[in-house]
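Trainee: need a structure here:
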Amino acid sequence: MNQESGDREPQHESLRLRRYQKQTRFSPIGDQGQICLLRASAVIVGCGALGSVIANTLARAGVGHLKLIDRDFVELDNLQRQVLYNESDVGQAKAVVARERLLEINRELDCEAVVTDVDFTNIESLIDSFDVVLDGTDNFETRFLINDACVKKRIPWVYGGCLGAEGQTMTILPGTTACLNCLMLDGPPPPGTTATCDSAGVLGPIINVIASIQSLEAIKLLSGNEAAVSKSLQVFDMWGNRSSQINVGNLRSRVDCPTCKRGEYQWLSGDAGSHSAILCGRNAVQLSIPDRPALDLQKLALRLNPLGTVSVNSFLLRFQIDAFTITVFPDSRAIINGTEDLAIAKRLYSQYVGV
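Mentor: Reported below is the predicted structural model:
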């Protein structure tokens with residue numbers, strides 16, 4: 001794990017507030033709300049599309065302490081929607097580049113960059129003592145893990161997800177509102193059954209909309225305006241010019257959620273989610289997804305055909321993309337050849353198979 005932390009020079013509070021005068025003139029925030037923001041802390045899990053917009057917004061808003069967590073590096077096709085990065089950043093760790101960029105925007109910021117793969121062994125220590133967690137991830141496995149950890153530790157978190165020109169977001173206040181598991185009691189969709197950003201694409205404007213709402217929800221919480229937080233699942237289709245708010249305010253009282261009702265944290269315990277192993281001597285990683293429905297390899301092949309070389313039979317699907325070969329089995333297990341890096345293998349699985 002690589003971690004860096006920024007130092008900030010102490011300034012008199014009134015001088016620091018001058019920077020945010022347009023924000024403090026908004027009466028629900030005011031000087032007192034801004035002081036709360038300056039003393040607040042937030043974790044952003046994932047510094048890609050959503051995460052880079054969220055980090056940029058919160059740094060400019062004056063949230064005093066940000067922790068940026070990401071396992072990935074900048075690639076050229078990220079630049080269409082990931083606003084903190086430039087062409088010169090390609091190949092560098094996202095969290096580290098994001099931190100450098102944010103400190104150029106706001107030198108008062110206390111900012112940590114953590115380059116690691118978030119899993120059930122480290123998530124509690126990564127978010128411990130922070131005021132809010134924001135979802136900048138690209139897969140439901142990590143979101144359910146965040147949900148478990150935040151519900152257990154009673155830390156508010158803001159879910160967000162985008163695909164194509166559609167997006168959705170919901171704020172979870174543990175012990176008060178419905179959690180992600182209340183909303184999806186059957187768990188995440190099985191791998192291979194839904195499109196991913198790599199197969200269906202994603203447009204930059206929907207990223208900015210969802211990430212902006214996530215950021216504003218965090219600003220409400222951190223400035224002492226919890227009463228203004230949305231109690232709805234907010235859904236947007238920007239291509240179809242449609243939006244809706246689904247009231248989930250009383251959902252928690254209507255469902256028997258194993259997470260927030262019974263205190264069962266299957267993802268946090270490691271009982272749910274993927275299991276991985278490096279295959280020695282093969283330059284490959286095996287990923288296993290226990291207790292998942294059978295995968296329709298033919299449907300997955302149709303989705304992957306435009307992206308690379310695909311061969312499929314009733315026993316396995318083999319997909320070649322760049323320097324990697326991904327072999328997927330009907331039980332959702334996969335072997336990723338071309339790397340022994342677990343983070344890279346998980347990223348490829350999430351991109352092309354989907355979790």
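Trainee: can you pull the buried residues of stretch 22-29?
Mentor: For stretch 22-29, burial by neighbour count (16 or more other C-beta atoms under 10 Å) applies to 23, 24, 29. Every C-beta, even on glycine, is put in place using the N, C-alpha and C of the backbone.
Trainee: what is the rounded mean pLDDT of the host helix or strand of the first one?
Mentor: When elements are defined using DSSP states H and E, residue 23 is found to belong to helix 21-24. Averaging the model's pLDDT scores along helix 21-24 yields 97.
Trainee: And for that helix, what's in contact with it?
Mentor: Here helix 21-24 makes contact (C-beta atoms under 8 Å, 6 or more residues apart in numbering) with 17, 29, 30, 31, 33, 34, 61, 62.
Trainee: can we see that at 10 Å?
Mentor: 17-18, 29-35, 37, 60-62, 219, 223 (C-beta atoms under 10 Å, 6 or more residues apart in numbering).
Trainee: May I have the predicted confidence score for the closest residue in space to residue 265 that isn't next to it in sequence?
Mentor: Excluding the flanking residues, the one nearest residue 265 by C-beta to C-beta, 6 or more residues apart in numbering is residue 148, at 4.2 Å. Residue 148 is assigned 98 on the pLDDT scale.
Trainee: which element follows the helix or strand of the chain with the lowest mean pLDDT toward the C-terminus?
Mentor: Sorting the helices and strands of the chain by mean pLDDT, DSSP states H and E puts strand 2-5 at the bottom, at a mean of 53. Next in sequence after strand 2-5, counting helices and strands by DSSP H and E, comes helix 13-18.
Trainee: what does the average pLDDT come to for that following helix?
Mentor: Mean pLDDT, helix 13-18: 80.
Trainee: Just list what it packs against, helices and strands only.
Mentor: If contacts are counted by 3 or more C-beta pairs under 10 Å, 6 or more residues apart in numbering; DSSP states H and E, helix 13-18 sits against helix 21-24, helix 30-38.
Trainee: list the buried ones in it?
Mentor: 16, 17.
Trainee: Equivalent analysis for stretch 109-129, please.
Mentor: Applying 16+ other C-beta under 10 Å to stretch 109-129 flags 109, 111-115, 117-120, 123, 126-127 as buried.
Trainee: Distance from it to the middle of the chain?
Mentor: Using C-alpha atoms, centre = their mean, to the nearest Å, the mean C-alpha position of stretch 109-129 is found 13 Å from that of the whole chain.
Trainee: List the buried residues in stretch 301-318.
Mentor: Buried residues in stretch 301-318 (16+ other C-beta under 10 Å): 301, 303, 304, 310, 312, 317, 318.
Trainee: Of these, which belong to helices?
Mentor: If you go by DSSP state H, the buried residues of stretch 301-318 have 301, 303, 304 in helices.
Trainee: thinking the last one is in contact with residue 199, fair?
Mentor: I take that to be residue 304. Yes. With contacts counted by C-beta atoms under 10 Å, residue 304 reaches residue 199, the gap being 7.1 Å.
Trainee: between the two, what contacts are shared?
Mentor: Common neighbours of residue 304 and residue 199, counting by C-beta under 10 Å, 6+ apart, are 352, 353.
Trainee: quick one, helices of this structure?
Mentor: 13-18, 21-24, 30-38, 49-61, 94-105, 123-127, 140-153, 180-183, 197-200, 204-222, 251-254, 266-269, 297-304, 342-352.
Trainee: any chance of those in TSV, with distance to residue 80 too?
Mentor: Putting the helices of the chain into TSV (distance: least, C-beta to C-beta, whole Å) gives the following:
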stretch	distance to residue 80
helix 13-18	35
helix 21-24	29
helix 30-38	30
helix 49-61	9
helix 94-105	15
helix 123-127	28
helix 140-153	22
helix 180-183	28
helix 197-200	11
helix 204-222	6
helix 251-254	35
helix 266-269	31
helix 297-304	21
helix 342-352	15
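Trainee: To residue 282, which of these lies closest?
Mentor: helix 342-352 (12.2 Å; C-beta to C-beta).
Trainee: tell me the average confidence for that closest one?
Mentor: When pLDDT is averaged over helix 342-352, the result is 91.
Trainee: Appreciated, that's everything.
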